[in-house]
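[1] sequence plus predicted model, see below.
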Amino acid sequence: MPGGDVFNLDQRRAIDRARLDANRSSGLTFHVYVGAGGDDPRSIARAMLRELPDSGSGVLVLVDPVGRALEIVTGLQARRLLDDAACALVALSMQGAFAAGDLAGGIAHGLHQLGDHARRPQTLHEQR
């Protein structure tokens with residue numbers, strides 16, 4: 001999670017805990033990038049996701065506080081559990097926290113929401 005001095009240690013830990021919780025609950029792999037998103041943050045987020053070893057099951061959240069950009073991109077397998085509508089709802093929630101000045105809290109809460117949306121259903125019985 002790049003970000004330089006944007007977050008203090010407790011904020012970094014909270015974001016990392018949220019990311020790991022989302023990973024565990026969904027079986028997907030969540031990544032967070034905080035930094036410059038350039039002129040086309042969506043293209044940059046997609047390119048970053050493609051470079052990851054787990055890009056198919058990956059979810060990348062790009063936050064550019066200076067450029068006021070937020071992108072949530074998903075790999076092919078991840079898209080089966082997290083569609084555009086779910087990502088858009090989470091993004092709205094995150095933007096509300098950002099507008100209130102809570103960048104770290106917005107990211108952590110957004111990761112929890114994404115993990116909840118992508119949660120694997122529990123199997124109550126198995127077919128034999």
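    That came through fine.
[2] hey, let's count contacts and neighbours off CA atoms from now on
    Fine.
[3] so where's the longest helix in this structure?
    As assigned by DSSP state H, the longest helix anywhere in the chain is helix 9-26.
[4] what's the burial count for the residue nearest to Ala36 when sequence neighbours are not counted?
    Nearest residue to Ala36, sequence neighbours excluded (CA to CA, 6 or more residues apart in numbering): Asp64, at 5.3 Å. Per other CA atoms under 10 Å, the neighbour tally for Asp64 reads 18.
[5] which residues sit in contact with the spatially most central residue of the chain?
    Geometric centre of the chain, nearest residue: Val61, 3.8 Å, by CA atoms, centre = their mean. Residues near Val61 by CA atoms under 8 Å, 6 or more residues apart in numbering: Phe30, His31, Val32, Tyr33, Ala45, Leu70, Glu71, Ile72, Val73.
[6] from those residues, which land in helices?
    Using DSSP H, Ala45 are the members of the contacts of Val61 that sit in helices.
[7] tell me which two of the contacts of Val61 sit farthest apart.
    Maximum pairwise distance among the contacts of Val61 (CA to CA): 14.9 Å, between Phe30 and Leu70.
[8] so for these two, which residue has more residues nearby?
    The neighbour comparison of Phe30 against Leu70 (other CA under 10 Å) goes to Phe30, with 26 against 20.
[9] show me what contacts that one?
    Contact partners of Phe30, counting by CA under 8 Å, 6+ apart, are Arg19, Leu20, Ala22, Asn23, Gly58, Val59, Leu60, Val61, Leu111.
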